[in-house]
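Chemist: Give me the fold of what follows.
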Amino acid sequence: MCDMSLLARQRQELILEHVRERGAVRVSDLAEEFGVSDMTVRRDLDVLARRRLVDKVHGGATAIGTAELASTEEPGFVVKSGRQQAEKEAIAAAAAELVAPGTAIGLSAGTTTAALARRLTEVAELTVVTNSMAVAEVFRTGRPDRTVILTGGIRTPSEALVGPVAVAALRTLNLDVVFLGVHGITAASGFTTPNLMESETDRALVEAGHRLVVVADSTKWGTAGISTIAQLSEADVLVTDTGLDPEARAVLDGEIDQLLLAEPP
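Modeler: Below is the predicted model:
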C-alpha cells in the first residue's frame, strides 16, 4: 500500500510509471495500491489522458505511443527517487571516492547526483556548482568552508534549473570535475535526456569541467532520450553498477577511459 498522503501530481507520476511498465492498469488495482477511491483514480487518469500520456479504456488505462514517450517524457523526481535505490547508493559511494578536498565540482540534477551529494557533505573546502534544487538542499547547512553555487533558471520535473540563465552562469566557470546524471545511454546517441532545455544546460556544465564523470545505474543502458548531452568518448569515467550486461561493458570499455562497476549491497 502506498502512502496515502501522496499529492495528486506524485500519484499521477506513479500511475504513469505503472502504465509504461505494465502496458495497462486497472482502476480497482490502483485504488487499492494507493489507498484512494476509484473516483480519485479516474480523475488522475483523466488528467493523464488530457495530457495524451495514456489512453483511457473501460475500467482502466493503456499506454499510447510507448516508443515516442520513452524519448520525450520525463518522470518526476519523486518517481525516479524510488528506482534502483541500492544501485544508486553504491554508485554514489564509488563516485565520492573521486572527490578530493579543496576541489571545485559540478553536480547536475538527478537522483543519483543527489545521492552523491549526501556522500560529500563532510568533504573539506569543497566548492559545489549545481543546477539541482535537490542537490543544493543537501548542502544547505553544514561546513563553513564550503561554497555552494546554484545556477538559477527554469524548473523542470526532475528539479533541474535550466535555460539561458543557467547556461550563462555555467559558461563563466571552470571546474575540476563534473558529475553528470543522465536519462539514457546508447552507443549511437551517447548520454541523453528527454528535456531539450536540460540538455543545453548540461552541455554547458560539461564544458565547464576539466574532467567528466557520468553516474548512471545499469538500467539506463539502451534508453535514448530525445537530446544528446555528450558522446560516450567525452566521459573520462562512467560509474555504474554490476548489473550492466556484458555487451554493454564491451562497448563502454572501448569508448570510456575508466569504467567503474559498483556492487550494490
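Chemist: quick one: the helices in the stretch 1-150 of the chain?
Modeler: All helices of the stretch 1-150 of the chain, identified by DSSP state H, counting those that start in this stretch, fall at 8-22, 27-34, 38-50, 66-72, 77-81, 85-96, 111-119, 133-138.
Chemist: Domain-wise, how is the protein divided?
Modeler: Using automatic domain parsing, the domain parsing of the chain gives 8-64, 79-262.
Chemist: tell me the most buried of the ones you listed?
Modeler: Across those, averaging neighbours per residue (mean count of other C-beta atoms under 10 Å) puts domain 79-262 on top, at a mean of 19. Quick note: C-beta positions are derived from backbone N, CA and C, even for glycine.
Chemist: Average pLDDT for that domain, rounded please.
Modeler: Average pLDDT, domain 79-262: 92.
Chemist: how about the strands in the stretch 101-250 of the chain?
Modeler: In the stretch 101-250 of the chain, the strands defined using DSSP state E, counting those that start in this stretch lie at 104-107, 127-130, 147-150, 154-155, 161-162, 175-181, 184-186, 190-193, 209-215, 227-230, 237-241.
Chemist: okay, the angle between the last one and helix 111-119?
Modeler: It refers to strand 237-241. Relative orientation of strand 237-241 versus helix 111-119 (axes from the mean of the first three to the mean of the last three C-alpha atoms, to 10 degrees): 100 degrees.
Chemist: Which strands or helices does strand 237-241 pack on?
Modeler: In terms of contacts (3 or more C-beta pairs under 8 Å, 6 or more residues apart in numbering; DSSP states H and E), strand 237-241 is packed against helix 85-96, strand 209-215, strand 258-262.
Chemist: please redo it, this time with the cut-off set to 10 Å
Modeler: helix 85-96, helix 111-119, strand 175-181, strand 209-215, helix 246-255, strand 258-262 (3 or more C-beta pairs under 10 Å, 6 or more residues apart in numbering; DSSP states H and E).
Chemist: With the second one instead?
Modeler: Using 3+ C-beta pairs under 10 Å, 6+ apart as the contact criterion, the elements in contact with strand 127-130 are strand 104-107, helix 111-119, helix 133-138, strand 147-150, strand 175-181, helix 196-208.
Chemist: partners of it in the sheet?
Modeler: strand 104-107 (parallel), strand 147-150 (parallel) (DSSP bridges).
Chemist: Tell me, what's the model's pLDDT at Cys2?
Modeler: 46.
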